[in-house]
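What follows is a predicted structure for the sequence shown.
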Amino acid sequence: MNMPRSISLRPFILGAAAAAFSLVVLGRAQAGGSHHFPPVVDPLVKEECGSCHLAFAPSMLPASSWQRMMVNLKDHFGDDASLDPAVAAKITDYLVTNAGDRGGQRYGDKLLRGVTSDRPPLRITELPKWVREHRKVPDWEWKHKEVRTRANCTACHVDAAKGYYDD
Ligand code: HEC
Ligand code: HEC
C-alpha cells in the first residue's frame, strides 16, 4: 500500500480508522502548493503558546491581531491563558516582529489577502484566504474525532509544526 512517508510520525494514529482518515485528507492536502510559514523558534513562545494547541506561526496573522489577542489572554477563546505581564510582553514582541505584515515573511501576505486593519481577526481559521483554501473539506472531516476543531492543524497537516501545510 502506498502510505505517505510521514504517516508513522503522527502521534494520534492509534487505529485503522484514523489511518484511513488521514490517507483521505492527506491525499488532498498534498495537492496544494508549497508555501512555508516559519514555525515558532523562541522557546518561551513555544512553551506558553504551544501547550494547548500548535504554537501557530506568527506570519499567519497581522501584527494588529497579535496585539489584540495578547491584551486579553484572560478570555482567550473561552480559556484563561493569562500570563505574567513581563512574559506576555516578551511574547507579544516576538509575535509582532514576525507577524505576516512585517518584513521578512515570504508568504504570509498571501494568507492575509483580504484582511482589513479596522478589526484585526483573532482566528487564522477565519481569514478569507484560509476559508477559501479549506472550502472543499467536507463537514464530516471537521467533525471527525481526530480533528474536532479547525484549529487542530496538525491533524491534517503532518508537518504543520515545521511550517509546512502542503502535506
Ligand atoms: C490554556 C490553553 C491555551 C493556551 C495556553 C493558549 N491558547 Fe490559544 N487557543 C486556546 C483555545 C481553546 C483556542 C480555540 C481553539 C478552537 O477553536 O478549537 C485557541 C485558539 C487560538 C488561536 C486561533 C486559532 C484559529 O482558530 O485560527 C490563536 C491564533 C491562538 N490560540 C494563539 C495563542 C497564543 C499566541 C498563545 C500564547 C500567548 C496561546 N494561544 C495560548 C487555548 C489556549
Ligand atoms: C480537516 C483537515 C484540515 C485541518 C484541520 C486543517 N487543514 Fe489546512 N488544508 C487541508 C486541506 C485538505 C488542504 C488542501 C486544499 C487544497 O489543496 O485544495 C489545506 C490547505 C491549507 C493551506 C494551503 C496550503 C498551500 O500550500 O497552498 C494552508 C496554509 C493551510 N491549509 C493551513 C492550515 C492551518 C493553519 C490549519 C489550522 C489552523 C489548518 N490548515 C487546518 C486540510 C486541513
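Perfect, I can see it now. Ligands and ions are numbered 1, 2, ... in the order given.

near ligand 1, which residues of the protein?
Taking CB under 6 Å from any ligand atom as the contact definition, the chain meets ligand 1 at 48-49, 51-53, 56, 73, 76-77, 79, 81, 91, 123-125, 149-151. Where C-beta positions appear, they are placed from N, C-alpha and C, glycine not excepted.

pLDDT below threshold where in this protein?
Residues of the chain meeting the criterion pLDDT under 70: 1-34, 104-109, 167.

Break down it into its helices, ranges please.
For the chain, applying DSSP state H gives helices covering 16-29, 43-49, 63-70, 85-97, 108-111, 128-133, 139-143.

Quick one: closest of these to A160.
The closest of the helices of the chain to A160 is helix 16-29. By CB to CB, the value is 10.3 Å.

on that earlier part again, reformat the helices of the chain as a markdown table; add mean neighbour count and distance to ligand 2.
A markdown table is the format used below for the helices of the chain (neighbours: other CB atoms under 10 Å; distance: least, CB to the nearest ligand atom, whole Å):
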| stretch | mean neighbour count | distance to ligand 2 |
| --- | --- | --- |
| helix 16-29 | 15 | 4 |
| helix 43-49 | 16 | 13 |
| helix 63-70 | 19 | 13 |
| helix 85-97 | 15 | 15 |
| helix 108-111 | 18 | 6 |
| helix 128-133 | 14 | 4 |
| helix 139-143 | 12 | 4 |
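
Isn't S82 up against L73?
Yes: in this structure, S82 is within contact of L73 by CB atoms under 8 Å, at 4.7 Å.
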